[in-house]
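> Quick one, what's the 3D model for this:
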Amino acid sequence: MATDVRTLADVERAVRSLCRHFRTDHVILIGSQAALLEWPDAPIIVRTSGEIDAYPGNIREWEDRNREPASEEINALFGWGSTFHEQFGFYIDGVDDRTAKLPPDWRAEAVTRTILDEAGELTAVAPSARDLIVSKLHRLTDKDKDFIAAFHAERPLDIDDLLARLAECRPDASVLAGARAFLASLT
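Presented below is the predicted three-dimensional model:
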């Protein structure tokens, strides 16, 4: 029976699958489930999702060679309704390095996890929790708000720091105003 609560084992399965298919040794995770690298036992609401958003670390090289978006390949082989989805109860949403709005230096604080595979060591890379939340502040859908509020309830956020990180992304004034208002509502 499929569940929409993701685990670190799901993340590891996604990383192994993408590394094998794209012949790379690392995968970048974005979206809610990227938080599992830093907080594997996060509250259920933080881990609730039917998908894991990810892309191979060699995305540009792969796309140059194959002349098609890697995200389309991911969605066809591992996406919603795929054999992978049916077999494992979750799917991989193919994204790329332009999908999430992250601070320019997010990689300096990225969280990594080594995953063992028969081919050797693989690496999962994800934005830090605060940078992941910055990306969510750009959209602020109800799901994003629930994620941020649940995160804040368990691990209080530094609001000023988040707003400074968000400003580094140079968002529209409306995005910044919406983020300020929402973050103020958490205190």
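> CA only for contacts and neighbour counts going forward, please
Noted.
> how is this protein carved up into domains?
Taking automatic domain parsing as the reference, the chain has its domains at 8-128, 130-185.
> Mind putting those into JSON lines with mean neighbour count and mean pLDDT?
Output for those, formatted as JSON lines (neighbours: other C-alpha atoms under 10 Å; pLDDT from 0 to 100):
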{"stretch": "domain 8-128", "mean neighbour count": "19", "mean pLDDT": "96"}
{"stretch": "domain 130-185", "mean neighbour count": "17", "mean pLDDT": "96"}
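> who touches the residue most central in space within the chain in this structure?
Centrality entry for the chain: nearest residue to the mean C-alpha point is residue 30, 1.8 Å, by C-alpha atoms, centre = their mean. Counting by C-alpha atoms under 8 Å, 6 or more residues apart in numbering, residue 30 makes contact with 52-54, 100, 126-127, 132.
> With residue 10 instead?
Under the criterion of C-alpha under 8 Å, 6+ apart, the contact list for residue 10 reads residue 90.
> Distance of the residue nearest to the centre of the chain relative to residue 126?
Using C-alpha to C-alpha, to the nearest Å, residue 30 is found at 6 Å from residue 126.
> same thing with residue 140?
With C-alpha to C-alpha as the criterion, residue 140 and residue 126 are 20 Å apart.
> do the same with residue 25
Plainly put, residue 25 is 14 Å away from residue 126 if you go by C-alpha to C-alpha.
> can you map out the strands along this protein?
With DSSP state E as the criterion, the chain has strands at 26-30, 51-56, 91-94, 111-117, 120-126.
> Residue 148 is nearest to which of those?
Nearest to residue 148, of all the strands of the chain, is strand 26-30, at 14.7 Å by C-alpha to C-alpha.
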